[in-house]
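**Student:** Task: produce atomic coordinates for the following.
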Amino acid sequence: MKVLHICETAQGGVAGCFDIHAAHAPRGIDNIFLLPDGHARDLQHARRVLGYAGGQRGITQIWRMIRAMRVAIRCERPQVLFFHSSFALLALIAARLTGWRGLAIYCAHGWAAGRYERPDRLRARLLRIIEGRLCGLANATLNIGPADAELAKLHRYRGQHQWIDNAAAPPKTGARRDLFAADPDALHLLFVGRFDRQKGLDILLPAFAAARRLRPELRLHLLGGVVRGGISLAELPEGVTVHGWVSPRDIDDFYASADAVVLPSRWEGLPLVIPEALRNGTPVLCSRRSHLPDLIVEGRSGSSFDLGIEPLTALLATLDKADLLTRRSAALTTYQARFTVDRWRDRIAGFYADLLYGAAAQ
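**Tutor:** Prediction:
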């Protein structure tokens, strides 16, 4: 079965998801990926990638995506169109309006309405109406984690919904654990992701600065960069190092070398940072948002905190390097129980089988 994956941006988690689909597809699935030029750099295993001219988000970029999709449909003749992230809903509309009667799947990678702390706000309600109705144009919607699944159920989003946790491939063989060996007595924390409001870097930086005044041995390493609407890094606290975007080939070296990963997100679907950290045995410190604490074992493979500068400061100030070391085996156990690609492959194979069975029954 030929599946055409379509997105408006593949930066961040979508690229990781594509790579899982490419490297660990169930037998009989032929994946093709349609994404903006330049966004394929983090796809290590995709053999079939179709590109279109990239640019800033807006009407022009959306039109390019839709036009490239129509060309790909004519040339590749896929049996399934798989739409990824919010803006791809517009491509889903275009496909249906132009006569696509084949199978369609939608994955939000984090529902847009989930970003609002007050769900009663007008914009949040409008987004729920829009995405909740449009996802019903797909034959099935795939939710990537418990937060997305609960939001869709709570607000009665249309269509058939299934939930399959994001997964992470095993860590690379021989990942380095000595990147910070020059500072062995320090406690090294890692932040991985976009430097934007969603990821909470504006909360982490002042919390880290306050905690470091109490614990001078704390170090913070930032992996990632600004994608859109980023957080200013004009004045970084002492002890913070910016490493920029790191290749997937090298990311495990940072995870394995860190004492803990910090995830102060305001909202998420299921961030790949968590299974990637856990596969290296690295404990995760995450906010109590978007069901993130459900992805760890509290007090064993990680710890959670109320999102805010003061609660995060308190947690960072009490971290113990030896205690974090004892949590590494529990972190690896959590990964093996929930986030392996073998588990994901079995579940996605069942998802495709149900989709085909449902289509045949109609």
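**Student:** Can you tell me how far A10 is from I144?
**Tutor:** 15 Å (Cβ to Cβ, to the nearest Å). Heads up, the C-betas are built off the backbone N, CA and C, glycines and all.
**Student:** longest helix anywhere in this protein?
**Tutor:** When the chain is parsed with DSSP state H, its longest helix is helix 341-361.
**Student:** Contact partners for P237?
**Tutor:** 205-206, 208-209, 212, 220 (Cβ atoms under 8 Å, 6 or more residues apart in numbering).
**Student:** now the helices: where do they sit in the protein?
**Tutor:** Taking DSSP H to define them, one finds helices in the chain at 13-23, 59-76, 88-97, 122-134, 146-154, 201-214, 251-257, 273-279, 309-317, 321-326, 328-338, 341-361.
**Student:** Just say which of these is most tucked in.
**Tutor:** Of those, the one with the most neighbours on average (mean count of other Cβ atoms under 10 Å) is helix 273-279, at a mean of 28.
**Student:** What count of nearby residues applies to the closest residue to M1 other than its chain neighbours?
**Tutor:** Among residues not flanking M1 along the chain, Q79 sits closest, at 5.0 Å (Cβ to Cβ, 6 or more residues apart in numbering). Neighbours of Q79 under the rule other Cβ atoms under 10 Å: 13.
**Student:** Distance to G110 added to the helices of the chain, as CSV?
**Tutor:** CSV is the format used below for the helices of the chain (distance: least, Cβ to Cβ, whole Å):
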stretch, distance to G110
helix 13-23, 8
helix 59-76, 19
helix 88-97, 13
helix 122-134, 11
helix 146-154, 7
helix 201-214, 17
helix 251-257, 20
helix 273-279, 13
helix 309-317, 21
helix 321-326, 28
helix 328-338, 19
helix 341-361, 18
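**Student:** Compare the ones you listed and report which one is nearest to S301.
**Tutor:** Nearest of the helices of the chain to S301, taken as Cβ to Cβ: helix 328-338 at 4.2 Å.
**Student:** And the closest one, how far out from the chain middle?
**Tutor:** 19 Å (Cα atoms, centre = their mean, to the nearest Å).
**Student:** Stretch 159-174 now?
**Tutor:** What separates the centre of stretch 159-174 from the centre of its chain is 10 Å, taken as Cα atoms, centre = their mean.
**Student:** What separation is there between the residue nearest to M1 and A104?
**Tutor:** Q79 sits at a distance of 11 Å from A104 (criterion: Cβ to Cβ).
**Student:** do I274 as well
**Tutor:** From I274 over to A104 the distance is 29 Å, taken as Cβ to Cβ.
**Student:** Next, count neighbours for G110.
**Tutor:** 25.
**Student:** Wait, it touches L272, no?
**Tutor:** No - here G110 lies out of contact with L272, judged by Cβ atoms under 8 Å, at a distance of 11.6 Å.
**Student:** In contact with L34, which residues?
**Tutor:** Going by Cβ under 8 Å, 6+ apart, L34 touches 4-7, 50-52, 65, 68-69, 72.
**Student:** how about CSV for those, with pLDDT and distance to P171 added?
**Tutor:** Listed next are the contacts of L34 as CSV, based on pLDDT from 0 to 100; distance: Cβ to Cβ, whole Å:
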residue, pLDDT, distance to P171
L4, 98, 30
H5, 97, 25
I6, 97, 30
C7, 95, 26
L50, 95, 30
G51, 92, 29
Y52, 93, 33
M65, 96, 33
A68, 97, 34
M69, 98, 35
A72, 97, 34
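**Student:** Can you tell me which of these lies closest to D37?
**Tutor:** G51 (4.3 Å).
**Student:** nearest residue to that closest one other than its sequence neighbours?
**Tutor:** Excluding the flanking residues, the one nearest G51 by Cβ to Cβ, 6+ apart is D37, at 4.3 Å.
**Student:** just P170 next, same as before
**Tutor:** In space, P170 is closest to R279, 6.3 Å off (Cβ to Cβ, 6+ apart).
**Student:** Looking at stretch 297-311 now, give me its mean pLDDT.
**Tutor:** Taken as a whole, stretch 297-311 has an average pLDDT of 97.
**Student:** first to last residue in that stretch, what's the distance?
**Tutor:** 19 Å (Cα to Cα, to the nearest Å).
**Student:** For the closest residue to I251 other than its chain neighbours, give me its contacts.
**Tutor:** Among residues not flanking I251 along the chain, E276 sits closest, at 6.8 Å (Cβ to Cβ, 6+ apart). Under the criterion of Cβ under 8 Å, 6+ apart, the neighbours of E276 are 168, 192, 251-252, 255.
**Student:** What distance do you get for E276 to G13?
**Tutor:** Distance from E276 to G13, by Cβ to Cβ: 11 Å.
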